[in-house]
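Enquirer: how would this look folded up:
(one chain, ligands or ions: 1)
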Amino acid sequence: MPLETRREFTRQALQSLTALALIEGLAGHRLFGADVQPIVDDWFKELDAITHEIHDHKVKDVEFQKSLEGLYARVDLPALLKSLDFDRMAAGVNYPAKGAKSLPVDFKQIAGLPTKLVFGRQIFAMAKGRSVVPHGHDNMATGFLVLKGTCRGRHYDRVEDLDDHYIIRPTIDRAFKPGEYSSISDHKDNVHWFTATSDHAFIFNIHVNNTDPGNPNIPGRVYIDPMGEELAGGLIKAEKVNHERVNQLYG
Ligand SMILES: [Fe+2]
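Expert: The predicted structure is shown next:
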């Protein structure tokens with residue numbers, strides 16, 4: 001083969017190889033999207049379905065807790081983090097000196113979700129030793145899923161409401177790592193308190209209001225000091241406090 005012809009042959013071969021690499025790169029990109037995104041889309045569609053069930057009072061709040069925990073148990077955590085654009089979001093957090101920062105959750109990348117959702121959502125971010133402060137809930141069901149880092153998570157049943165106090169019973173007190181979860185309703189594990197035990201911790205949260213037709217209270221948080229007087233039977237007399245006080249004590 002003459003020299004010029006050989007050079008032209010080599011040039012064309014290199015061009016073809018470059019084109020092939022580009023095509024493979026694109027295919028790889030598409031493949032990744034096809035593999036991961038539908039899993040997350042289906043997960044969010046199921047979240048949408050179960051939150052409608054409790055919102056429409058087709059199931060009891062404790063049944064919703066089981067459904068939500070079942071869904072959290074099946075989460076593809078790397079795929080969820082990707083769909084939440086977690087790394088970019090986590091890099092920009094301005095951690096508060098006390099308590100946890102609530103970050104908005106963007107579902108723009110989730111296909112097929114209706115625009116009107118019946119659940120609220122956020123991500124809590126906190127530095128080591130800081131907490132989602134102890135609080136209970138009225139007429140609300142909610143669940144935590146640890147996204148990154150580790151936490152000490154505590155829950156209490158709210159046994160009785162008195163004028164200035166709640167009577168509570170400790171139900172959960174353990175370490176939570178990424179992918180682990182817990183849930184809350186008027187009837188089970190109503191109070192929670194999560195403290196970061198790693199440099200930073202991130203917790204995904206969804207909540208549904210008006211989940212208990214038998215509760216006349218407006219849905220919301222109630223703040224509580226769970227380190228109160230110990231009563232018989234493992235119960236605790238926990239003072240009702242405001243957010244400023246609980247943040248000062250435990251934030
Ligand atoms: Fe909560």
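Enquirer: can you map out the helices along the protein?
Expert: 3-55, 61-73, 77-83, 86-91, 243-250 (DSSP state H).
Enquirer: hey, least reliable of those helices by pLDDT?
Expert: With a mean of 66, helix 3-55 has the lowest mean pLDDT of the helices of the chain.
Enquirer: find the nearest non-adjacent residue to residue 204, please.
Expert: residue 145 (4.4 Å; C-beta to C-beta, 6 or more residues apart in numbering). C-beta: built from backbone N, CA, C; applies to glycine.
Enquirer: hang on, that neighbour packs against residue 72?
Expert: Yes. Between residue 145 and residue 72 there is a contact under C-beta atoms under 8 Å: 4.8 Å.
Enquirer: quick check, central residue of this protein?
Expert: residue 204 (1.5 Å; C-alpha atoms, centre = their mean).
Enquirer: that one and residue 119: what is the separation?
Expert: 12 Å (C-beta to C-beta, to the nearest Å).
Enquirer: could you do residue 90 as well?
Expert: Between residue 90 and residue 119 the computed distance is 22 Å (C-beta to C-beta).
Enquirer: which residues does the residue lying closest to residue 131 once chain neighbours are set aside contact?
Expert: In space, and not counting its chain neighbours, residue 131 is closest to residue 195: 4.4 Å by C-beta to C-beta, 6+ apart. Applying C-beta atoms under 8 Å, 6 or more residues apart in numbering, we find residue 195 in contact with 129, 130, 131, 151, 152, 153, 250.
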